[in-house]
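>>> got a structure for you, letters missing:
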């Protein structure tokens, strides 16, 4: 059987051969210093407008600004400027940061994956924050509360959800790879391991996930064993796993 490193290399090569799109631009930036400017611009615009689902794009931009490559710095600075106007959590004080307070008011933030995406991104942006006088202590306190709660329950609410769990995993991988706070990294790793364990329990001998009991899962994902089912958890999170700085080397 091929080693993990061999399989990762094979998967990376497959991604690199694909046409540039919103799903693989991170891998190409990481491995080839190649920037799809149109895709990056669209991602930035989604976050700048603070759309209802901006956090799905936000976690990609957060990982992008942490890629250690001098060739990416000018692009990373552009992203950081966009993030400096972003409201990571709904509140009266943060709404003023964004040009569209109405968009902030309509932000979907109250389910598990959204909470992890917004709060993890806020924590990591705060470490890169150019405006040192900007205070994100409230959001970082909320992140610790949420991490502690999930460590206490030893899992997640959206168990094996092909729809939402990839985004929670991506958020936790961002924390584990880049947070300078060891306690946060430890808690993120603990929850990642619990998520992976739950998914692996519904794998067959070939490592293929199939029909499973899941939480927050639409009927079309529950009753079919192809396309967007539990396998999609791995497929959707792959760009984060194949360029994870620490997870599979720890």
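Thanks, I have the structure now. Computed from a prediction, not measured in an experiment: that's the story for all the values here.
>>> make it CA atoms for all contacts and neighbour counts henceforth
Will do.
>>> Can you classify residue 88 as helix, strand or coil?
What DSSP: H, G, I helix; E, B strand; the rest coil gives for residue 88 is coil.
>>> measure it to residue 126 for me?
Applying CA to CA, to the nearest Å, one obtains 10 Å for the distance of residue 88 from residue 126.
>>> Between these two, which is the more surrounded one?
When residue 88 is set against residue 126 and neighbours are counted by other CA atoms under 10 Å, the residue ahead is residue 88, at 28 against 19.
>>> Now do the phi/psi pair for that one.
When quoted as degrees, to the nearest 10, the phi and psi of residue 88 stand at phi -80, psi -20.
>>> Verify the stated contact: it with residue 120.
No. Between residue 88 and residue 120 there is no contact, the gap being 9.4 Å when judged by CA atoms under 8 Å.
>>> Just the buried positions in the strand or helix carrying residue 14, please.
Assessed by DSSP states H and E, residue 14 sits inside helix 4-17. Burial within helix 4-17, assessed by neighbour count using 16 or more other CA atoms under 10 Å, is assigned to 8, 12, 15-16.
>>> I'd like to know which elements it is packed against.
helix 25-32 (3 or more CA pairs under 8 Å, 6 or more residues apart in numbering; DSSP states H and E).
>>> tell me the angle the helix it packs on makes with helix 4-17.
110 degrees (axes from the mean of the first three to the mean of the last three CA atoms, to 10 degrees).
>>> Quick check: next helix or strand after helix 25-32?
The helix or strand immediately downstream of helix 25-32 is helix 37-48, counting by DSSP H and E.
>>> Would you mark the buried spots in that following helix?
Using 16+ other CA under 10 Å as the burial criterion, the residues of helix 37-48 that qualify are 39-40, 43-44, 46-48.
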